[in-house]
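Engineer: need a 3D model of the sequence below.
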Amino acid sequence: MPTPDATSGASDSRDLDAKSKPRKKRTLNPFRAIHRLWVHSLQFRSVTSAGIMMLIAFIAVGTSLSNQIATSLFENKKNQALEESIKGFDNVQSVFDGSSEARTDSEIRRNVTRALTLLDASGDTQRRWVLVPLDQQSKKGFIPEQSGDNALDAATIPEDFKSTVRDSPGGVFWEKKDLSEPEKSNGEPYPALIIGTSVSIPQNPDYGLFVVYDLSESSSTITYINVVLGTGFTVLLILVLSIVWFVTRLAVRPITLTAITAEKLAAGDLNRRVSVRGKHQAARLGISFNKMADSLQDQITQLERLSTLQQRFVSDVSHELRTPLSTVRLSSELLYDSRDTLNPVQSRSVELMHNQVDRFQALLSDLLEISRFDAGSAVLNIDAEDFMSVLNDVLVEVIPHLERTGTRLIVHSEQAHIDIDIDRVRIERVLRNLLFNAIEHGESKPVDIYIATNATNLGVAVRDHGIGLSEEEAAQVFNRFWRADTSRKRTLGGTGLGLSITAEDVRLHGGRIEAWGMKGKGACFTMNLPLVHGGELGPSPVLITGEPEPEAYAHSALAGDTLSTSLRKTRHATQDDASEGQV
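Structural biologist: Next up is the predicted model:
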């Protein structure tokens with residue numbers, strides 16, 4: 001076992017290593033926090049669900065309203081623009097038609113200019129026009145491209161729209177388009193309505209007259225309406241969520257308080273009750289819960305009282321029986337010592353009485369020990385011990401029973417010395433009970449003891465190859481007075497409390513004991529103890545079936561072997577052999 005100085009040095013080294021390692025920053029995962037609230041908070045789930053459904057409804061209604069308003073505004077603007085434009089086109093064409101009597105080009109130009117001036121004098125102030133020849137290849141015309149706005153020219157009008165007007169003379173067409181003019185709106189596209197028709201000018205090819213209406217004002221109006229709708233829906237959503245939160249709080253709060261009270265009751269606070277107000281459903285739930293809690297408290301209190309009486313009864317009876325039992329034992333020993341002077345029938349009776357008195361005394365001792373466990377008064381006397389020395393002392397007691405039953409005991413270990421903090425008396429009792437149990441149920445077949453250690457733990461497995469245990473039996477094997485086969489007769493005089501006491505002794509050491517078995521193939525009991533008292537109990541270096549862990553036996557002759565091959569390879573050894581031993 002390491003000295004105190006060595007232990008302190010190792011601890012300081014671990015502290016320095018821990019300080020030298022950079023700590024990982026814990027980042028808050030919002031999705032994990034939201035998921036935790038969703039799972040654990042009924043109120044959060046209700047408010048969130050209501051909010052999501054209302055948000056979907058608001059988006060659907062708002063989108064529909066916005067589209068209807070935008071469509072209505074555009075239709076009104078379009079109808080008004082078409083009416084104005086058709087009237088203007090008719091006036092312009094009338095002036096052009098009156099120019100047929102003009103004889104010179106200058107007269108025709110003056111008539112065209114006068115006609116186009118009519119478009120500026122009437123109609124929407126946001127209306128602009130442009131006159132462009134529809135056939136750019138023709139050289140017959142002498143009227144140049146004209147525009148009522150320097151920012152508007154023939155390039156502004158889409159070519160496909162020009163083609164539509166050219167292919168349908170006399171028709172009036174419209175198109176909604178985002179136009180981009182370098183001298184307007186900083187070159188950014190703006191929504192516009194383009195209305196066009198073809199006009200005839202004397203002594204010139206067909207021209208296209210296009211009127212452009214700026215829809216930016218309508219677009220701004222729609223944007224403003226969308227902002228108003230969004231703001232209104234947001235305020236309404238917050239208001240509705242507040243109402244939902246308040247209503248769900250009224251409904252969920254009694255359930256939350258009941259759940260908190262139930263957790264306190266489960267933790268052992270039997271006096272906690274739910275505060276009840278009113279006569280509604282939640283109040284009736286609280287009343288029913290309080291009645292249930294009262295009933296549970298009464299039953300638990302009664303069971304605790306009965307358990308205390310039972311423990312006291314067992315303890316008192318065990319103590320009271322020790323005095324008369326001592327007298328009976330002295331008398332039985334006197335008779336047993338003089339049995340040779342008795343006839344055979346009397347001698348046999350004396351032997352039976354002597355054996356049963358011994359068993360009765362062992363049973364009383366076990367009952368007293370059980371009563372100490374139940375009362376919580378069992379204490380440990382921890383000392384630094386050599387586990388192999390403890391095992392050797394137990395083997396000396398077991399040898400007569402091995403010889404009587406013809407059982408071969410094989411110890412598998414790589415270590416001749418194992419330092420561990422234990423209560424020697426209790427661990428000897430644990431090993432003795434496990435070995436006696438293996439011999440009792442081993443049917444004279446070999447019994448294996450596997451011993452291995454790792455950095456923190458000692459693992460011990462006692463494996464027999466007898467009648468075995470089923471999975472259901474392995475789960476009950478540590479119960480008091482439990483027997484897998486009630487018709488089976490004990491050959492070693494057990495009391496039925498050995499494995500139960502064994503489990504309590506291991507638990508007091510901060511260890512763990514497990515049972516495994518298969519019908520017809522034997523059973524295995526695996527004990528895992530911390531090497532240092534109060535130390536952390538890590539994984540056992542020995543498997544539940546008795547096989548050693550590969551890490552613990554990496555350089556052992558048992559590495560990679562199954563249990564059966566391990567038995568075949570086991571060599572005969574003396575008591576001083578540290579690797580493997582056979583008794």
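
Engineer: against which helices or strands is the helix or strand hosting Leu239 packed?
Structural biologist: In the assignment (DSSP states H and E), Leu239 maps to helix 216-266. Counting contacts by 3 or more Cβ pairs under 8 Å, 6 or more residues apart in numbering; DSSP states H and E, helix 216-266 is packed against helix 42-98, strand 190-199, helix 281-337. Bear in mind the C-beta positions are built from the backbone N, C-alpha and C, glycine included.

Engineer: domain parsing for the protein?
Structural biologist: 281-373, 380-582 (automatic domain parsing).

Engineer: can I get these in TSV including distance to Arg109?
Structural biologist: Shown next, in TSV, are the domains of the chain (distance: least, Cβ to Cβ, whole Å):
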stretch	distance to Arg109
domain 281-373	91
domain 380-582	104
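
Engineer: so what's the gap between stretch 416-427 and the chain middle?
Structural biologist: 41 Å (Cα atoms, centre = their mean, to the nearest Å).

Engineer: next: stretch 401-420.
Structural biologist: Worked out by Cα atoms, centre = their mean, stretch 401-420 lies 46 Å from the chain centre.

Engineer: in that stretch, which residues are buried?
Structural biologist: 401-402, 405, 407, 409-414, 418-420 (16 or more other Cβ atoms under 10 Å).

Engineer: and the furthest pair within those residues?
Structural biologist: The span of the buried residues of stretch 401-420, defined through Cβ to Cβ, is set by Thr405 and Asp419 at 33.1 Å.

Engineer: give the residue spans of this structure that score low on pLDDT.
Structural biologist: Applying pLDDT under 70 to the chain picks out residues 1-28, 99-105, 120-126, 136-142, 181-187, 203, 318, 484-495, 545-583.

Engineer: roughly how far apart are the spatially closest residue to Glu188 that is not a sequence neighbour and Ile222?
Structural biologist: If the residues on either side of it in the chain are set aside, Glu188 comes closest to Ser180, at 7.1 Å by Cβ to Cβ, 6 or more residues apart in numbering. Computed as Cβ to Cβ, to the nearest Å, the Ser180 to Ile222 distance reads 20 Å.

Engineer: more crowded one of the two?
Structural biologist: Taking neighbours as other Cβ atoms under 10 Å, Ser180 and Ile222 compare with Ile222 leading, 19 against 13.

Engineer: I figured that one was touching Ile69, is that so?
Structural biologist: Yes: at 6.6 Å, Ile222 and Ile69 qualify as touching, with contact defined as Cβ atoms under 8 Å.

Engineer: ok now stretch 319-329, how far from the chain's centre?
Structural biologist: Counting by Cα atoms, centre = their mean, stretch 319-329 comes out at 59 Å from the chain centroid.

Engineer: show me where the stretch 401-550 of the chain has its helices.
Structural biologist: 424-441, 471-476, 498-508 (DSSP state H, counting those that start in this stretch).

Engineer: thinking again about what came up before, nearest to Leu391 among the buried residues of stretch 401-420?
Structural biologist: Val411 (7.5 Å).

Engineer: that closest one bridge partners, please.
Structural biologist: Beta-bridge partners recorded for Val411 (DSSP bridges): Ile449, Gly581.

Engineer: how close does it get to Lys445?
Structural biologist: From Val411 to Lys445 the distance is 16 Å (Cβ to Cβ).

Engineer: rewinding a little: now render the buried residues of stretch 401-420 as TSV, adding distance to Leu65.
Structural biologist: Output for the buried residues of stretch 401-420, formatted as TSV (distance: Cβ to Cβ, whole Å):
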residue	distance to Leu65
His401	94
Leu402	94
Thr405	94
Thr407	92
Leu409	90
Ile410	88
Val411	88
His412	84
Ser413	85
Glu414	83
Ile418	83
Asp419	83
Ile420	80
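
Engineer: about what we covered before: looking at the domains of the chain, which is buried most?
Structural biologist: Ranked by mean neighbour count, those are led by domain 380-582 with a mean of 18 (mean count of other Cβ atoms under 10 Å).

Engineer: from the chain's centre, how far out does that domain sit?
Structural biologist: 38 Å.

Engineer: for stretch 227-246, same thing?
Structural biologist: Relative to the chain's own centre, stretch 227-246 is displaced by 34 Å; criterion: Cα atoms, centre = their mean.

Engineer: other residues contacting that stretch?
Structural biologist: Gln43, Ser46, Val47, Ala50, Gly51, Met54, Leu55, Phe58, Val61, Gly62, Leu65, Ser66 (Cβ atoms under 8 Å, 6 or more residues apart in numbering).

Engineer: name the nearest residue to the fourth one, ignoring sequence neighbours.
Structural biologist: The spatial neighbour of Ala50 that comes closest, neighbours along the chain excluded (Cβ to Cβ, 6+ apart), is Val244 at 4.6 Å.

Engineer: hmm, back to that, do I have it right that the residue nearest to Glu188 meets Ala192?
Structural biologist: No: with contact defined as Cβ under 8 Å, Ser180 does not reach Ala192; the gap is 9.9 Å.

Engineer: thinking again about what came up before, look up how far Gln356 lies from the residue nearest to Glu188.
Structural biologist: Applying Cβ to Cβ to Ser180 and Gln356 gives a distance of 113 Å.

Engineer: contacting residues around the residue nearest to Gly88 when sequence neighbours are not counted?
Structural biologist: Nearest non-adjacent residue to Gly88, counting by Cβ to Cβ, 6+ apart: Leu119, 5.1 Å away. Shown in contact with Leu119 (Cβ under 8 Å, 6+ apart): Gly88, Val92, Arg127, Trp129, Gly148, Val211.
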